[in-house]
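# test case, fold it:
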Amino acid sequence: MKKSWQARLASYPDLPSVKPIPEAMRKRRGEGTIATPSPQEVEAAMRSVPAGRLATVFGIGEGIAARHHATIGCTVTTAIFAHMVAHAVAQAHGTTAWWRTLKIGGELNPKYPGGIEAQMNRLEAEGHTVVQRGRRYFVEDFERKLV
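All right, here's what the predicted structure looks like:
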């Protein structure tokens, strides 16, 4: 039997962590430290986004890095946990507004519960304009609405 989304979120007892930026990332990101968030930190950040406002996984990662006095945040881990949080909240009928968390660049996340259509409907109901560019969907002027 598969683990529930809530059980998956609880299975990271060693996080958060702050470590030196891995060698492979240093050419692009420089020297310093990287903060890897816990799922609970990502959920708290997602929960704090008020109606009409937006967040990105990059912004959440950077906010977590700042709280841990790290140079950068791990956006890959932040994105994975945002996906898991969205599914856990949907599964438990929770109140965290997962649809307000966008991918980098203001893109909607097709891996969220219900796919693009569900996220788009919720965002448009809050007054955001979603535009299609090729096969991808973005919130128009998302930068002005970031928390």
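# quick one, helices of the chain?
5-9, 23-29, 39-47, 57-67, 75-92, 115-125 (DSSP state H).
# got the angle between the last one and helix 75-92?
Here the directions of helix 115-125 and helix 75-92 differ by 80 degrees (axes from the mean of the first three to the mean of the last three Cα atoms, to 10 degrees).
# now helix 115-125: buried residues?
Using 16 or more other Cβ atoms under 10 Å as the test for burial, helix 115-125 gives I116, A118, Q119, M120, R122, L123. No exception for glycine: its C-beta is placed from N, CA and C like everyone else's.
# closest one of those residues to R53?
Ranked by distance to R53 (Cβ to Cβ), those are led by L123 at 11.2 Å.
# now do the closest one, the pLDDT please.
Model confidence at L123, given as pLDDT, is 98.
# and what of K2?
84.
# measure it to R8 for me?
Separation of K2 from R8 (Cβ to Cβ, to the nearest Å): 9 Å.
# with neighbour numbers in mind, choose between the two.
Set side by side, K2 and R8 show more neighbours around R8, with 15 against 6, by other Cβ atoms under 10 Å.
# the more buried one contacts A88, correct?
Yes. The pair R8 and A88 passes the contact test of Cβ atoms under 8 Å, sitting 7.5 Å apart.
# what residues are up against the closest residue to P39 other than its chain neighbours?
Sequence neighbours aside, L9 is the residue nearest to P39 in space, at 4.1 Å (criterion: Cβ to Cβ, 6 or more residues apart in numbering). Taking Cβ atoms under 8 Å, 6 or more residues apart in numbering as the contact definition, L9 lies against P39, Q40, E43, F81, M84, V85, A88.
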